[in-house]
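J.: Generate coordinates for the sequence data below:
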Amino acid sequence: MFALALVLEKELSPEGAARLRGLALERTGVEPVERPVRVGTLWKLPLGEDPRPDPLFQRLLRLGDDGARLVADLASGDTVLSLVQEIDDPDDGMQKGIHLPWEVAAWAAAAGASVDIDQYIDVEPE
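T.: Model prediction:
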């Protein structure tokens, strides 16, 4: 199972938050979540979970070039595109490896976002 989220690790002005919220809802149907942290606030746009990452990447790309520019304007350098994969069968070849399409890498670069990929293997102890 894959999960994808865009995380802005920066406090946003009310106007910036409203712009992000409006764009995200219009293009993805998902509302960003404001989360207080020890040193301020971060914004998380959870783009969903799916057995394959491609539908999640397509949801991200629906934010468009203007969405990437908005994220860059709001929090360039303080943004992470986070992809998490939970592997429940290490012998299943379909669960091995992640292909990051160039369009996703280009979108992240335009947004000033780093890309974080975490893989977790969930198996029963023998």
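J.: Surely residue 47 and residue 28 touch.
T.: Yes - counting by C-beta atoms under 8 Å, residue 47 does reach residue 28; the two are 6.6 Å apart. Quick note: C-beta positions are derived from backbone N, CA and C, even for glycine.
J.: Now do the shared contacts for the two.
T.: Common contacts of residue 47 and residue 28 (C-beta atoms under 8 Å, 6 or more residues apart in numbering): 59-60.
J.: what packs against the lowest-mean-pLDDT helix or strand in the chain?
T.: Sorting the helices and strands of the chain by mean pLDDT, DSSP states H and E puts strand 33-37 at the bottom, at a mean of 85. In this structure, strand 33-37 packs against strand 40-50, with contacts taken as 3 or more C-beta pairs under 8 Å, 6 or more residues apart in numbering; DSSP states H and E.
J.: Show me what the strand it packs on pairs with in its sheet, parallel or antiparallel.
T.: Paired strands of strand 40-50, with direction, are strand 2-8 (antiparallel), strand 33-37 (antiparallel) (DSSP bridges).
J.: Which one of those strands lies nearest to residue 86?
T.: In terms of C-beta to C-beta, the element of these nearest to residue 86 is strand 2-8, at 7.9 Å.
J.: who does the top helix by length along the chain touch, helix- and strand-wise?
T.: In the chain, with assignment by DSSP state H, the single longest helix is helix 14-28. Helix 14-28 sits against strand 40-50, helix 64-75, with contacts defined as 3+ C-beta pairs under 8 Å, 6+ apart.
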